[in-house]
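Engineer: sequence first, predicted model second:
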Amino acid sequence: MTASPSTKYKAEPADQILVAPLDSLTLVYQRRSGITHIVAEPAPEILAIMGADALTVEEVAQRLAAQYDFDGTQAKDIITERLNELADLGLVERCHA
Amino acid sequence: MSEDKNPANLLNSPTNRRRALMLGAATASAIVSVRPALAQSAASIVNCDIPVPGPHGTGMNIDSYGKLVPRDTPGSFPATGQKFTGEQVKAALRGRSLPGTSADQSQAYVNYIRRLQSGQSGFTCYASLQMSR
Amino acid sequence: MHEFRVQVGPAAFRIGSQWKRPLDQLAELYRDYPVPAIPDYSVRLESVSLLRRFVRPSVSINGDYMLPDAAPLPLAQGLLAAEMAMNLQMALGWRRHLLLHASAVEKDGRALIMTGQSGSGKSTLAAMLGHRGWRFMGDEFVLVDLDTGAAVPFPRLISLKNEAIGAMMATALDGRFGPMIQSTPKGDIRHLVPPADAIAAMSRPARPALLLFPSFGFDPAFREVGPSEVFMRLTQASTNYVTLGEKGFSALTRFVQTVPARAIDYRDGIEAEDLVNRLWAECT
């Protein structure tokens, strides 16, 4: 599925994962697969900010910007990359708008 | 730390004080996954790089124990920040020399890589290698 | 079929063999251990297939079945095979605790846990400390309680290799040693019975207080190891982390968040003990 600006992303429900932040990395245990993912910033922050909603990249970026300070250049490209990574891990699913 | 209620500090009120987020970090976010399968997990193992030495060691040599030492230390090896791939380091951990290095130099480099700590460039790549079974 | 039974920590083993001699040897070395009524694992010396990680390849287990007129295994090889077979049962089958491939000793109700690859010295360090004021808890596996996080003893025969054999024979002057097993690919191996206090206290857990990653053969040094690095290394050192699922995740996460960790380099027992004492004082 090619991602378009209208592609929506939805995170694994919060009650389906266990999250343990450590020093520089975060552990995410996924109940349904039994897999432990070790992820780095900004992946855990993105998951948390998405909550239970299906969001476009733009919407994720807006939510992040409201809560965090970051360099906005190329932010959408970077966030798209991170979301695709999380989708590959199975922590986020892509859905049609 | 108590909230500062001084009106002169309104601009620093909590709603305006956002935590910095490392959005544009150079490496991927997905470090490694521990899964109940025999097969290798992450593409990050193949694609990641370990520079020897990392930026924190610029201008220093590496001794045979893998420690950063001044340039003129006898018996130490020069290092230029050359990047080795996860695959190359994996082979080196099994005994093959790192490309472009002598056996002793390779061993010194491997010891350097083994000593990498969280936060140093190449650590997460090396740690991913540790996960391989 | 001859039979030998032994309780080690929370695990009960039954070992069967067509030959009496290997079992007599085991029984002699394990003579002070409890004898369980009901075994958790049954092991047959002559029909085991072992994971490569636990095999010292010089022990030739002749296929799945023994021929009735096959020559008896040398005593020493039988002993090694039995120890490896017990390791394998634990590694593959134990679910009641989180298993870490590590050694441990205890002082004042707190456990010092040492983990690392072969050659790191974790077995030898535990053996040495266990004879120098600490209570030996185990040299192969550390069992972590899934609910409380306590370290549970698993004090099997201590497996010493090469130079460690001589060193321990000099340290444990009253120690009871098994036969010398020579010319395995890892060199010479000799088993040492854990000290009496270790056997007597095999049901007494301890709270993990310090985790060490030892490296033998380097100038003495130490560094702090952060929780994420510890986590990664321990998933590698655990044979049952993934099979335990959520309980494993919770137990290991709690462990790395609460137990300080250091990597230590050392060249001999004196340097190691010095580092251990220093770090123990600092962290407990």
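Structural biologist: That came in fine, so what should we check first? Numbers count the residues shown, from 1 in each chain, chains lettered A, B, ... in the order given.
Engineer: any idea how far C:D24 is from chain B?
Structural biologist: 38 Å (Cβ to the nearest Cβ, to the nearest Å). Where C-beta positions appear, they are placed from N, C-alpha and C, glycine not excepted.
Engineer: what's the first-to-last distance across stretch C:140-153?
Structural biologist: Using Cα to Cα, to the nearest Å, the end-to-end distance of stretch C:140-153 comes to 11 Å.
Engineer: please see if that stretch touches chain A.
Structural biologist: No: shown here: stretch C:140-153 not in contact with chain A (Cβ under 8 Å from any Cβ of the partner chain), separated by at least 14.2 Å.
Engineer: how far does that stretch sit from the chain's center?
Structural biologist: 13 Å (Cα atoms, centre = their mean, to the nearest Å).
Engineer: around chain C, which positions in chain A sit nearby?
Structural biologist: A:18, A:20, A:22-25, A:27, A:29, A:31, A:34, A:36, A:38.
Engineer: and which of these is nearest to C:V276?
Structural biologist: Distances from C:V276 to the residues of chain A next to chain C, taken as Cβ to Cβ, are shortest for A:D23 (23.9 Å).
Engineer: neighbours of the closest one, just the number please.
Structural biologist: Neighbour count for A:D23, taken as other Cβ atoms under 10 Å in any protein chain shown: 15.
Engineer: got phi/psi on the closest residue to it other than its chain neighbours?
Structural biologist: Spatial nearest neighbour of A:D23, excluding adjacent residues (Cβ to Cβ, 6 or more residues apart in numbering or on different chains): C:G226 at 4.3 Å. C:G226 adopts backbone torsions of phi -70, psi 160, taken as degrees, to the nearest 10.
Engineer: hey, where'd the strands end up in the stretch 151-284 of chain C?
Structural biologist: Assigned by DSSP state E, counting those that start in this stretch, the strands in the stretch 151-284 of chain C fall at C:151-152, C:158-161, C:181-184, C:187-192, C:207-216, C:221-224, C:261-266.
Engineer: and C:G116, which of the ones you listed is closest to it?
Structural biologist: strand C:207-216 (5.4 Å).
Engineer: is the closest one anywhere near chain A?
Structural biologist: No: Strand C:207-216 lies out of reach of chain A by Cβ under 8 Å from any Cβ, never closer than 14.1 Å.
Engineer: can you name every helix or strand that that strand contacts?
Structural biologist: strand C:110-115, helix C:122-130, strand C:261-266, helix C:269-283 (3 or more Cβ pairs under 8 Å, 6 or more residues apart in numbering or on different chains; DSSP states H and E).
Engineer: can you give me the helices for the chain?
Structural biologist: Defaulting to chain A. A:43-50, A:57-67, A:75-89 (DSSP state H).
Engineer: if you could check chain B rather than the one you did, that'd help
Structural biologist: Going by DSSP H, chain B shows helices at B:43-47, B:86-93, B:103-114, B:123-130.
Engineer: weakest of these by average pLDDT?
Structural biologist: Of all those, mean pLDDT reaches its minimum on helix B:43-47 (a mean of 44).
Engineer: just the helices and strands packed on strand C:207-216: most buried one?
Structural biologist: Comparing these by mean neighbour count (mean count of other Cβ atoms under 10 Å in any protein chain shown), helix C:122-130 ranks first with a mean of 26.
Engineer: for it, packing partners?
Structural biologist: Using 3+ Cβ pairs under 8 Å, 6+ apart: helix C:122-130 touches strand C:97-107, strand C:110-115, strand C:135-138, strand C:158-161, helix C:163-171, strand C:207-216, helix C:269-283.
Engineer: can you list the low-confidence ranges for the chain?
Structural biologist: No chain specified, so I'll use chain A. Scanning chain A for pLDDT under 70 picks out A:1-3, A:96-97.
Engineer: that was the other one, I meant chain B.
Structural biologist: Looking at chain B by pLDDT under 70, you get B:1-17, B:24-28, B:36-48, B:117-119, B:124, B:127-133.
Engineer: let's see that with 80 instead.
Structural biologist: Regions of chain B meeting the criterion pLDDT under 80 cover residues B:1-18, B:22-49, B:86-87, B:94-95, B:116-133.
Engineer: so A:E85 makes contact with A:P42?
Structural biologist: No: assessed by Cβ atoms under 8 Å, A:E85 is found out of contact with A:P42, at 10.7 Å.
Engineer: need the residues touching each of the two.
Structural biologist: With contacts defined as Cβ atoms under 8 Å, 6 or more residues apart in numbering or on different chains, the residues adjacent to both A:E85 and A:P42 are B:S29.
Engineer: now the helices and strands packed on helix C:122-130 as JSON lines including mean pLDDT?
Structural biologist: Shown next, in JSON lines, are the helices and strands packed on helix C:122-130 (pLDDT from 0 to 100):
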{"stretch": "strand C:97-107", "mean pLDDT": "96"}
{"stretch": "strand C:110-115", "mean pLDDT": "97"}
{"stretch": "strand C:135-138", "mean pLDDT": "98"}
{"stretch": "strand C:158-161", "mean pLDDT": "91"}
{"stretch": "helix C:163-171", "mean pLDDT": "91"}
{"stretch": "strand C:207-216", "mean pLDDT": "95"}
{"stretch": "helix C:269-283", "mean pLDDT": "95"}
